[in-house]
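**Student:** just coords:
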Ligand SMILES: C[S@@+](CC[C@H](N)C(=O)[O-])C[C@H]1O[C@@H](n2cnc3c(N)ncnc32)[C@H](O)[C@@H]1O
């Protein structure tokens, strides 16, 4: 009998996982086991996600790792995506996970301790409540809301010259079009969509990137 807490796809995408996690891949697997074992009872991930936990969630998140530097705020981390896989893969970058739901921040803190991560701060708040307290080099978010709503929540947390990095699906270009007014108001420029992991066996990941501040042009 197979162990129900082992995601069926854990051995998938071995090349990219080895490349991006390197020596930290065992920590990434440990986090994936924990999510598979407790995710449903804590309301973090639905059972339909279990067979694709590694490819669709962990690998999808860690594809951002090469883009990061300095201090990063992950808004609406939920179960820890993309923040925890990124903190595991990039011990040289400090991740601040901002999430309002107590049950989720308790889980995030318990994982930070279980994995022995020293580069993560967990903050229980809505992002807009801490605009005056934090300034990051980069802000990430995945599955939190559409771009026009996400911009006023996330951009005030960026330093001048900082970067917004959002994991988005097929709707990215349409969201950019709808958010044109917000993009101008919050001084975002070089707004673009990139595909990461196009050599993956599973779907590539679409990332919306934008710089904050006055454009050099
Ligand atoms: C659909 S979940 C996605 C969680 C995770 N990012 C993922 O990809 O699995 C959205 C998360 O955003 C959080 N959230 C919603 N509004 C927020 C806000 N204004 N500031 C910070 N987090 C927020 C919710 O509590 C929830 O955990």
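**Tutor:** Yep, that arrived. Only a predicted model underlies this, so the values are computations on that prediction, with no experimental measurement involved. Numbering: from 1, shown residues only.
**Student:** chain center to stretch 93-102: distance?
**Tutor:** Relative to its chain's centre, stretch 93-102 lies at 10 Å (Cα atoms, centre = their mean, to the nearest Å).
**Student:** Where do the helices of the protein begin and end?
**Tutor:** Ranges of helices in the chain, per DSSP state H, are 14-21, 25-38, 60-62, 83-89, 102-115, 147-154, 172-178, 180-185.
**Student:** Contacts for the fourth one next, please.
**Tutor:** Taking contacts as Cβ atoms under 8 Å, 6 or more residues apart in numbering, the residues outside helix 83-89 that touch it are 20-22, 24, 27-28, 31, 58, 61-62, 64-65, 68, 72, 74, 77, 93, 95, 97, 108, 111-112, 115, 117, 119-120, 140. Any C-beta I mention is one placed from the backbone N, CA and C, and that applies to glycine too.
**Student:** overlap between those and the residues near the ligand?
**Tutor:** Of the residues in those, proximity to the ligand by Cβ under 6 Å from any ligand atom holds for residue 77.
**Student:** Could you pick out the buried ones from the contacts of helix 83-89?
**Tutor:** Buried members of the contacts of helix 83-89, counted by 16 or more other Cβ atoms under 10 Å: 20-21, 24, 27-28, 31, 58, 61-62, 64-65, 68, 72, 74, 77, 93, 95, 97, 108, 111-112, 115, 117, 119-120, 140.
**Student:** Go through the helix or strand bottoming out on mean pLDDT in the chain and flag the buried ones.
**Tutor:** Here the helix or strand of the chain ranked lowest by mean pLDDT, DSSP states H and E is helix 14-21, holding a mean of 86. By neighbour count on 16+ other Cβ under 10 Å, the buried set for helix 14-21 is 16-17, 20-21.
**Student:** now stretch 155-171
**Tutor:** 155-158, 162-168.
**Student:** ok, it near the ligand or not?
**Tutor:** No. Stretch 155-171 stays clear of the ligand (Cβ under 6 Å from any ligand atom), getting no nearer than 7.2 Å.
**Student:** before we move on, back to that, can you list the buried residues of helix 14-21 in CSV and add distance to residue 173?
**Tutor:** Shown next, in CSV, are those (distance: Cβ to Cβ, whole Å):
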residue, distance to residue 173
16, 25
17, 29
20, 26
21, 30
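**Student:** What about the closest residue to residue 65 other than its chain neighbours, how many residues nearby?
**Tutor:** With sequence-adjacent residues excluded and distances taken as Cβ to Cβ, 6 or more residues apart in numbering, residue 65 is closest to residue 89, at 4.2 Å. Residues within reach of residue 89, counting by other Cβ atoms under 10 Å, total 28.
**Student:** go on, residue 134?
**Tutor:** Using other Cβ under 10 Å, residue 134 is surrounded by 18 other residues.
**Student:** Pretty sure it sits against residue 74.
**Tutor:** No. At 11.5 Å, residue 134 and residue 74 do not qualify as touching, with contact defined as Cβ atoms under 8 Å.
**Student:** where do the contact lists of the two overlap?
**Tutor:** In contact with both residue 134 and residue 74: 96, 98, using Cβ under 8 Å, 6+ apart.
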